[in-house]
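**Q** sequence? don't have it. structure:
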């Protein structure tokens, strides 16, 4: 009897990997967990190998499972590309990843532009560190990502994000030769590096006065007067902070759009074109133009 790798079981198999388990895959695919398990058994019967094995209270892929997973991704990419070539719309959910820098301004406009161009798609956002976003693209957990200072040759360059120093009202620079205290994101971070490079280039000593993994933590530390922070806010001053013009101007950060392997190039181009006007009309920093400290965006993973 001829064995076949059917598309539905392959989609379930990939979803298990990308969603982190059988139940999450079932929820994402709108199937029962039993149906997803049955799909895996059908694949195991087709290839004659065990693909998933129990591991503690959960499960994990075997070596053969990882091998089939790579093949399954290629098969699904070819399958969906073939349908698209005949004008068939492929429904799905697009995950857009971004660091917290200016996400509140950039992501809504980006989602609106893609929605106009591809109304069959729904959206999920993931706010994360740059390193995690790049890993997400490589593993296909994220479809598009807004990247800062990326050297990826496949990324589409969008423009430059202007950077501004911010402090608490009334905060004063320490007299020389005391170092300028910096509030920074945990390393590695493009903004952290640019802040230190900028001060070093102006022969100003600097030290890390506080650090935090999230934007809200950085802004809270700055508001207490611990030090200054270099931020990308598209000209809008975070609540409780004031822009500083007595520190050396920092070079902008390059913004680009990265896409996961297999994503249609047109989708990434739509994203880049939607972002360019936002950067070109960035207003200068103004104390009266206030936004909340951090974007209220869910961090969600998908296939």
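**A** Here it is on my side, so go on. Remember, it's a predicted structure, so these values are computed and weren't measured experimentally. Numbers count the residues shown, from 1 in each chain.
**Q** name the element residue 220 belongs to?
**A** Using DSSP states H and E, the element containing residue 220 is helix 215-223.
**Q** now for that helix, which elements pack on it?
**A** Counting contacts by 3 or more C-beta pairs under 8 Å, 6 or more residues apart in numbering; DSSP states H and E, helix 215-223 packs against strand 164-167, strand 180-185, strand 206-212, strand 229-231. Every C-beta, even on glycine, is put in place using the N, C-alpha and C of the backbone.
**Q** save those strands as JSON lines, and put in mean neighbour count and distance to residue 142 too.
**A** What follows is the helices and strands packed on helix 215-223, written out as JSON lines (neighbours: other C-beta atoms under 10 Å; distance: least, C-beta to C-beta, whole Å):
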{"stretch": "strand 164-167", "mean neighbour count": "24", "distance to residue 142": "28"}
{"stretch": "strand 180-185", "mean neighbour count": "23", "distance to residue 142": "19"}
{"stretch": "strand 206-212", "mean neighbour count": "16", "distance to residue 142": "23"}
{"stretch": "strand 229-231", "mean neighbour count": "26", "distance to residue 142": "23"}
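**Q** and of the ones you listed, who's closest to residue 131?
**A** Closest approach to residue 131 among these (C-beta to C-beta): strand 180-185, 11.6 Å.
**Q** strands of the stretch 51-200 of the chain, start to end?
**A** 52-55, 58-61, 92-98, 121-127, 144-148, 156-161, 164-167, 180-185 (DSSP state E, counting those that start in this stretch).
**Q** partner strands of the third one and their direction?
**A** When pairing is defined by DSSP bridges, strand 92-98 lines up against strand 121-127 (parallel), strand 144-148 (parallel).
**Q** just give the nearest non-adjacent residue to residue 68, would you?
**A** In space, residue 68 comes closest to residue 51 once its chain neighbours are excluded; the distance is 5.9 Å by C-beta to C-beta, 6 or more residues apart in numbering.
**Q** actually, residue 247.
**A** Distances taken as C-beta to C-beta, 6+ apart put residue 165 closest to residue 247, at 4.6 Å, once the chain neighbours are dropped.
**Q** how is this protein partitioned into domains?
**A** What automatic domain parsing lists as the domains of the chain is 7-85, 92-160+253-281, 164-244.
**Q** any idea which of the strands of the stretch 51-200 of the chain scores lowest on pLDDT?
**A** Among those, strand 121-127 has the lowest mean pLDDT, at a mean of 73.
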